[in-house]
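Q: structure of the sequence below:
(one chain, ligands or ions: 1)
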Amino acid sequence: MLETLRTARDSLIDAARVSPGWLTLCSVLVLIQAAVPGLQVVLIGGLVDALTAGRRPWGLLIGLTVVVGSMYPLSQVTMAAGQRMTLWLKLHYRSELAYAAARLSPSRLAEPATAIALEAGQAATDPISGVATRPVQVLGAGVTSVVLCAAIWSINPLSGLLVLGALIPTVIAFTAISRMESRGWPRVAEQERRAAYATEQLLQQRSGTELAVLGSGHKVADLVVNHRTAASRVLDWMIGVAMAWELAAALAGAVLFGAALVALVSGGASGGAAAAAIAGTISGLNAIRLCGYAFGTIITAAPQAQIYREFVRSVPARAPQSVVPVVESVALDNVIFRYPGAERAALSGASITARRGEMIALVGVNGAGKTTAVSLLVGGLNPVSGRVLIDGRDAAGMSEAERLGHFGLLVQEFGRFEFTLRDAVALGSPEAVSDDAVCKALAGTFAADLPLDTQLGQQWGGTGISGGQWQRVALARIQLRNAGIWILDEPTSAIDAEAEREIFADLRRTKEARITIVVSHRASTLTEMDRIYVIDEGAVVQQGTYRQLLAEPAGRFARLFATQQD
Ligand SMILES: Nc1ncnc2c1ncn2[C@@H]1O[C@H](COP(=O)(O)OP(=O)(O)OP(=O)(O)O)[C@@H](O)[C@H]1O
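A: The predicted structure follows:
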């Protein structure tokens, strides 16, 4: 209950900040309409009694016409005002979530819980945008009940109380429905999430093509259908339960309504008063039903609103990053790291050093610990023991923004940002960049002569580019960023031999300005490294130049690269 009230309060506060005009209009109109059933009772009662007495009550007739005639337009305008408020709130929540996601740190992004929370937050923006109109409706229905009760009370007090009592079954039913829904929706959402993931594999070009070539897409389609069927079963059950509650509430409401009529008739009300009470009760019951629904909607949205708000609040404000262009040294100093739940350490006492002007390489078989070493350097992971030193300073003492500002990082799964060429490259810097800087970063690449407004990605009607060309765009981002330490994880894995030679020649030519750390499996990229660290099962087992390492025929490096050397 507390959570429901908190959700109602927070939503009203958000609406008052984001859309004060529509909130005010909506509230005023709801309150005006709330008085309508009570007014009807008074006007109809007076009208019928006057007619019975042989008078012509023009004033009452005009009043009733105004009240009845304004009902529909008023409800339409209220609905439109509510929709417009919801629209702007939705934009507010979506923007807030996008900026919160943009502030997430690499370490937070690496946690599996973050992706789930982000998706849940995204799914919550729709329902919570619609919550703000609900407390207003509940208030309106409360006013309707009180005014109606007072109007009928003046005719027959017991009848007035019974009409007010008609509120109770509806509220109970919708509260029960909402509770049931708050248990059912997470089960539906989980199945929908899995179905959406499997559907994506069918629709995305890379995975879809692989499945088409393998002829096994139908297996993934089976998974989609299984998850959607499971979700539909839960939904079907929810609809059944909701229907049972609604029927029970309608029945109880009808009984109370009938009892109110009996009380009116047996209380000796005049024909006019009885007619007025009946007309008022009929239109009032609808408003009361809406109250139950509005209340139920807040209860249903409350858990989602809580997830959304907790997530947004959990992402701290981030200091703007400023890129550090000159770094003299970076090192892993006797670092040990173990992934949670892993049996052995992914890095066990690794020491790696690189100084300005040096190009070093990390090599090793799959799973040796290279990516872990890179994540430890940039702060995506924190060592169990040992230190990461940047210019001799323990990086643990730096803020995340300060630490990241030292690095330009090209990971294996780099982003293929299907924006304009200008935007895709300019993402390398946290600050605004000039077109000249973008062009300079693209010099000598396939994109050097393309207009910067070129849209990348065929799905947007733009230019489709190859895997190697995407890698060139990603490298251009690192170049534009111009940080003091470049970490390039397989930077030329998708690039042909000639382009690879060009890229490494370029890296060598410009290496004096920075520290370059390359992760590579290719012997051809290692020949001119200043130092190669050979990592095996989390330990640095050898280090030296290409020639020095090959000169140790029994060493790990010689065994690793013997075939490529041949
Ligand atoms: N998120 C994780 N949770 C648990 N263990 C992990 C995780 N990531 C990597 N590992 C394990 O840590 C070890 C080192 O992995 P790492 O990714 O650093 O290897 P790598 O040398 O970069 O391999 P590759 O050449 O395949 O990229 C491996 O045994 C791997 O299974």
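
Q: hang on, L362 in a helix?
A: No - under DSSP: H, G, I helix; E, B strand; the rest coil, L362 sits outside any helix and is assigned strand.

Q: list the buried residues for stretch 393-403?
A: 395, 398, 400, 402-403 (16 or more other CB atoms under 10 Å). Placement of C-beta: from N, CA and C, glycine included.

Q: may I ask which two of those residues are separated the most?
A: Within the buried residues of stretch 393-403, A395 and E400 form the most distant pair, 10.0 Å apart (CB to CB).

Q: list residues touching both of these two?
A: G379 (CB atoms under 8 Å, 6 or more residues apart in numbering).

Q: what sits against the most centrally placed residue in the chain?
A: The centre of the chain sits closest to Q122, judged by CA atoms, centre = their mean, with a distance of 3.1 Å. Q122 is in contact with L97, counting by CB under 8 Å, 6+ apart.

Q: how close does it get to Y93?
A: 10 Å (CB to CB, to the nearest Å).

Q: picking up where we left off before, overlap between the buried residues of stretch 393-403 and the residues near the ligand?
A: Among the buried residues of stretch 393-403, no residue is within reach of the ligand (CB under 6 Å from any ligand atom).

Q: of the residues you listed, closest to D536?
A: Nearest member of the buried residues of stretch 393-403 to D536, counting by CB to CB, is A395, at 25.1 Å.

Q: gap between that closest one and G538?
A: 20 Å.

Q: is G367 in a helix, a strand, or coil?
A: At G367 the chain is in coil, as set by three-state DSSP.

Q: what is the neighbour count of it?
A: 11 (other CB atoms under 10 Å).

Q: what sits against it?
A: Contact partners of G367, counting by CB under 8 Å, 6+ apart, are absent.

Q: what does the chain have sitting close to the ligand?
A: 339, 342, 346, 364, 366-372.

Q: mean confidence (pLDDT) on the longest helix along the chain, please.
A: For the chain, the helix that runs over the most residues, judged by DSSP state H, is helix 217-266. Here helix 217-266 scores 92 as its mean pLDDT.

Q: please apply the same query to stretch 413-421.
A: On average, stretch 413-421 scores 90.

Q: so which bits of that stretch are buried?
A: Buried, per 16+ other CB under 10 Å, within stretch 413-421: 414, 417-418, 420-421.

Q: going on from whatever helix or strand D423 lives in, what's the next piece of helix or strand?
A: Element membership of D423 [criterion: DSSP states H and E] is helix 421-426. Sequence order places helix 435-442 as the next helix or strand after helix 421-426, per DSSP H and E.

Q: contacts for that next one?
A: 421-422, 425-426, 428-429, 448, 450, 452, 473, 476-477, 479-480.

Q: what's the lowest-pLDDT member of the residues you listed?
A: A448 (89).

Q: gap between W185 and L89?
A: 20 Å.

Q: more neighbours, the two?
A: Remark: of W185 and L89, L89 carries more neighbours, 25 against 19, as counted by other CB under 10 Å.

Q: any idea how far the ligand is from H218?
A: As judged by CB to the nearest ligand atom, to the nearest Å, H218 and the ligand stand 31 Å apart.

Q: noted, bye for now.
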